[in-house]
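> Coordinates for the following, if possible.
(one chain, ligands or ions: 1)
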Amino acid sequence: MCINCFNSHQNSLIALFGQNTVNQQLDRLLEILNATEQAWHANLNYFNGIPIRYILICEAPPWRPVGEEISYFYSQTNGSILKTVWRAFFNNNEVPENAHLFLAQQGFLLVDSIPYSLKYTSNQRRKVAYRALVSNCLNCTIGKINTPGIEVEPNVKIALGFKLNARAFMNATNNVLQIGNGIDHINFTEDNIAADGSGNINSTRLRSILGIQF
Ligand SMILES: [Zn+2]
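Okay, here's the model as predicted:
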């Protein structure tokens, strides 16, 4: 995501959380966006000619109030999503300090689909405003997959992290994603969703969707 998305889609956020909450949290949300975007872009340096082969599309970095450390997949090695992804690729639970480098070497990239790190409820995720938010950020999400200088493999595999976010994303794409200048098409079905019944990303499902062999 980017500052343009952050500035452009606040009406959707207000529809979901109300003007007061948005006013109160906006500075912190921007702080989280800046920190996590910086970490996301820094991670691209690890690709260094390696094409993207696996993509996991998630919602946004988690909300953390002022005073708490910002938590993000690409800025630390003790997060639960990283642990799940690591288990999917390497079949063990011990995430090393240089996990992000190893994952980039495998061609793995995580992409966020919305810019606002708030704690969304399932009810909010079912609302039109949430779908509009995901839909309005779609070009940015695709832009991140197609970052200049980073190659995407023609048979790239895409997993969607969380069920309701995934459905909003699939709805926004009409179940088809064009990448690499429209040459490659990904057709989404419910089978692309890596969440299990608990709502969390399941490493076995993720491994199967991404077609990881080890
Ligand atoms: Zn953006």
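> What are the buried residues along the lengthiest strand in the chain?
Criterion DSSP state E: the longest strand present in the chain is strand 152-160. Judged by neighbour count (16 or more other Cβ atoms under 10 Å), strand 152-160 contains these buried residues: Val152, Val156, Lys157, Ile158, Ala159, Leu160. Yep, even glycine has a C-beta here, placed from its N, CA and C like the rest.
> so what does the following helix or strand past it touch, helix or strand wise?
Downstream of strand 152-160, the next assigned helix or strand under DSSP states H and E is helix 163-173. Under the contact definition 3 or more Cβ pairs under 8 Å, 6 or more residues apart in numbering; DSSP states H and E, helix 163-173 sits against strand 52-58, helix 122-125, helix 128-136, helix 138-145, strand 152-160.
> The nearest residue to Ala166 once chain neighbours are set aside pairs with what?
Leaving aside its chain neighbours, Ala166 sits nearest to Leu160 (3.4 Å; criterion: Cβ to Cβ, 6 or more residues apart in numbering). Beta bridges link Leu160 to Ile57, Ile193, judged by DSSP bridges.
> Do I have it right that Leu160 meets Ile186?
No. Under the criterion of Cβ atoms under 8 Å, Leu160 makes no contact with Ile186, lying 10.6 Å away.
> Can you get me the centre-to-centre distance for the helix or strand bottoming out on mean pLDDT in the chain and its chain?
Every helix and strand of the chain was ranked by mean pLDDT, DSSP states H and E. The lowest is strand 184-187, at a mean of 77. Centroid separation for strand 184-187 versus its chain: 18 Å, with Cα atoms, centre = their mean, to the nearest Å.
> can you pull the alpha-carbon coordinates of that strand into PDB?
C-alpha atoms of strand 184-187 as PDB (Å, rounded to 0.1, in the frame of the first residue of the first chain):
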ATOM      1  CA  ASP A 184      -0.500 -14.200 -17.100                       C
ATOM      2  CA  HIS A 185      -3.900 -14.800 -15.600                       C
ATOM      3  CA  ILE A 186      -4.500 -16.200 -12.200                       C
ATOM      4  CA  ASN A 187      -8.000 -17.600 -11.600                       C
END
